[in-house]
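S.K.: I would like the atomic coordinates for the input below:
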Amino acid sequence: GDARLLLYPLDYDGNICGTDYGGTDMTDYPFLYTINYWHTGICLKECPVLSRTTIEETNTTNITNDTTTIATTDASNNTTITAAAATNTTTTEMTTVVINYTSDGL
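M.R.: Okay, here's the model as predicted:
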């Protein structure tokens, strides 16, 4: 058989990276980028460059619960009923960090 089958990597479709064997010209694609555990992949012109992008976002949420003072006078027995007011504010802060790794050249 042909020694290129042993010396050069094969892509997922059986093409030999970096050669023109088998009717498909892969001479411009000498590198194999592995995409799974079975070492199958795609032929590339150049090795990919790994780049990292970090996005950090902080969101602050304020929730305020108000209670109003109510005063009621009962004229029949001349009594006053008063309810006290209260304000409760809750602040929640959440920071989200997203790190994206991208590969240029694929």
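
S.K.: residue contacts, Thr95?
M.R.: Going by Cβ atoms under 8 Å, 6 or more residues apart in numbering, Thr95 touches 56-59. The way it works is simple: take the backbone N, C-alpha and C, and place the C-beta from them, glycine included.

S.K.: residues near the residue lying closest to Cys47 once chain neighbours are set aside, how many?
M.R.: In space, and not counting its chain neighbours, Cys47 is closest to Phe31: 5.5 Å by Cβ to Cβ, 6 or more residues apart in numbering. Neighbourhood size, Phe31 [other Cβ atoms under 10 Å]: 16.

S.K.: for Cys43, same thing?
M.R.: Neighbour tally, Cys43, other Cβ under 10 Å: 23.

S.K.: if we can go back for a sec, check contacts around the residue nearest to Cys47.
M.R.: Per Cβ under 8 Å, 6+ apart, neighbours of Phe31: 17-18, 43-47.

S.K.: now do 10 Å
M.R.: Contact analysis of Phe31 by Cβ atoms under 10 Å, 6 or more residues apart in numbering lists 9, 17-18, 41-48, 105.

S.K.: could you do Met94 as well?
M.R.: Counting by Cβ under 10 Å, 6+ apart, Met94 touches 57-61.

S.K.: could you dump those into CSV with secondary structure added?
M.R.: Output for these, formatted as CSV (DSSP: H, G, I helix; E, B strand; the rest coil):
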residue, secondary structure
Glu57, strand
Thr58, strand
Asn59, strand
Thr60, strand
Thr61, strand
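
S.K.: before we move on, the earlier item: pick the one among the contacts of Thr95 closest to Asn100.
M.R.: Nearest to Asn100, judged by Cβ to Cβ, of those is Glu56 at 12.3 Å.
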